[in-house]
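K.L.:
build the 3D model from these lines:
(chains A and B)
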Amino acid sequence: MSDPRRTILTVLEEVGRDRGIEPTAFLPRRGLVDIGFKSIDLARVVALAEIRLGVDPFATRPITDIHTVGDLCRVYEDALAGRPARATAAESASRPSRPDRGAARRRRAARQHGEEA
Amino acid sequence: MSTAPKVAIVSGGSRGLGQSIVQALLDDDYRVATFSRSPTEFIEEARRTVGPDRFHWQSLDARNTQTLREFARDIQRRWGGIDALVNNAGIGTEGLLTLSSEREIDETVALNLAAALHLTRACLRPMIAARSGNILNISSVSGLRGHRGVSVYSATKAALDGLTRSLAREVGPSGIRVNSVAPGYFESDMTAGIAAEARENLKRRIPLGRLGTTEDIMRVVRFMLSDAAAYVHGQVIAVDGGLSC
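P.N.:
Modelled structure (predicted):
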């Protein structure tokens, strides 16, 4: 099995070439939109990645979670390793560390029920 | 220049219009992959006479989205790409909506619409990679005009036409054409059960005065899949003797 990170970077470089994007642009923390990718480019990346790596991580998770080059590489690494999807950089940044959002939601729901009762 | 035969996937190609589409594509030198729940005499004959290099059939329940994805991926690996997809599989359900069971509704939506969406999604990947492809949705005149007693069926077929128009916008820039062929009433298993009197009434409503034939539909399907239709995109072509005009 080829290195998924290397494969994704190669695909990104190939698709980016059509937009005149330099291969050096694809650094892990850089946003795909910031680099100049449009949704149609991402569709082509996902198509080529599925053919080369044989997996489609986006059959079960939304692609809207993917913001950076690193996010994209990580999703394929996880899918090939059979690991559950890890949080993307954007998800981690927006998620409160404590208490978790689920707990906050549950507390709000409990308060609401209490008020109604 | 590559001389490899083109590859087509036809959903529900074991009988009726699907069978005719499979046969026509084989006659046009395509490699054809199709699936249905169970094989028919036509499938067994094609397997014997055409052989696995140009014909592939698989028993598959189209309600299972994962098997649809795996089917498309298998064909891509087996034959190196997918040039054409014909979303033909579907069931005809009849009856007033209020008298239809929830199960009938769910099953019709699953087979006529959801399966087409999932199979299209799976086939688009190799098409986008190749920057070319041809998707043809077999919808229905019932998706264009209201007909009593076919609300569920009509809803799914109209939705297929919606898919055609929106997807055409999405993937046209990738060199992929998307269209619908909307057959009217034609001689088939679906219309075989229509009583003689109802059939005569139906003929009177069709400006050309007759039900269509499979050949009538097939000529248009072949045209839409050919390079002769290279500039036809995002359209719903009614083949209905004028019923919807």
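K.L.:
what residues are up against the residue nearest to B:Tyr185 when sequence neighbours are not counted?
P.N.:
Nearest non-adjacent residue to B:Tyr185, counting by Cβ to Cβ, 6 or more residues apart in numbering or on different chains: B:Leu211, 5.1 Å away. Every C-beta, even on glycine, is put in place using the N, C-alpha and C of the backbone. B:Leu211 makes contacts with B:Tyr185, B:Phe186, B:Glu187, B:Thr191, B:Arg199, B:Leu202, B:Lys203, B:Gly241, as judged by Cβ atoms under 8 Å, 6 or more residues apart in numbering or on different chains.
K.L.:
for chain B, what lies in contact range of chain A?
P.N.:
Residues of chain B lying near chain A by Cβ under 8 Å from any Cβ of the partner chain: B:66, B:69, B:73, B:76, B:124-129, B:170, B:173-174.
K.L.:
strands along chain B, start to end?
P.N.:
For chain B, applying DSSP state E gives strands covering B:7-11, B:31-36, B:55-59, B:84-87, B:133-138, B:176-183, B:236-239.
K.L.:
sorry, wrong one. I was asking about chain A.
P.N.:
Going by DSSP E, chain A shows no strands.
K.L.:
for chain B, what's the nearest residue on it?
P.N.:
Closest approach between chain A and chain B, counting by Cβ to the nearest Cβ: A:Ala47, at 4.0 Å.
K.L.:
for burial, what's the neighbour tally of that residue?
P.N.:
22 (other Cβ atoms under 10 Å in any protein chain shown).
K.L.:
before we move on, what about B:Ser139?
P.N.:
Neighbour count of B:Ser139, defined by other Cβ under 10 Å: 30.
K.L.:
correct me, but A:Val55 touches A:Leu80?
P.N.:
Yes - counting by Cβ atoms under 8 Å, A:Val55 does reach A:Leu80; the two are 5.8 Å apart.
K.L.:
returning to what we had before: among the residues of chain B next to chain A, which pair sits farthest apart?
P.N.:
Using Cβ to Cβ, the two most remote members of those are B:Gln66 and B:Pro173, lying 29.2 Å apart.
K.L.:
B:Cys123 reaches B:Ile82, doesn't it?
P.N.:
Yes - assessed by Cβ under 8 Å, B:Cys123 is found in contact with B:Ile82 at 5.0 Å.
K.L.:
coming back round to it: what's the distance between the residue nearest to B:Tyr185 and chain A?
P.N.:
Applying Cβ to the nearest Cβ, to the nearest Å, the value for B:Leu211 to chain A is 41 Å.
K.L.:
residues in contact with the residue of chain A closest to chain B?
P.N.:
Residues in contact with A:Ala47 (Cβ under 8 Å, 6+ apart) are B:Leu124, B:Arg125, B:Pro126, B:Met127, B:Ile128, B:Ala129.
K.L.:
helices of chain B, residue ranges please.
P.N.:
B:16-27, B:41-49, B:65-79, B:102-109, B:115-130, B:151-171, B:189-192, B:196-205, B:214-225 (DSSP state H).
K.L.:
buried ones in the third one?
P.N.:
Going back to what we said before, that points to helix B:65-79. Residues B:Thr65, B:Thr67, B:Leu68, B:Arg69, B:Phe71, B:Ala72, B:Arg73, B:Ile75, B:Gln76, B:Trp79 are the ones in helix B:65-79 that count as buried (16 or more other Cβ atoms under 10 Å in any protein chain shown).
K.L.:
what does stretch B:142-155 give?
P.N.:
Going by neighbour count (16+ other Cβ under 10 Å), the buried part of stretch B:142-155 is B:Ser142, B:Gly143, B:Leu144, B:Arg145, B:His147, B:Val150, B:Ser151, B:Val152, B:Tyr153, B:Ser154, B:Ala155.
K.L.:
closest one to A:Thr68 out of those, please.
P.N.:
Nearest to A:Thr68 out of the buried residues of stretch B:142-155 is B:Ala155 (Cβ to Cβ; 40.5 Å).
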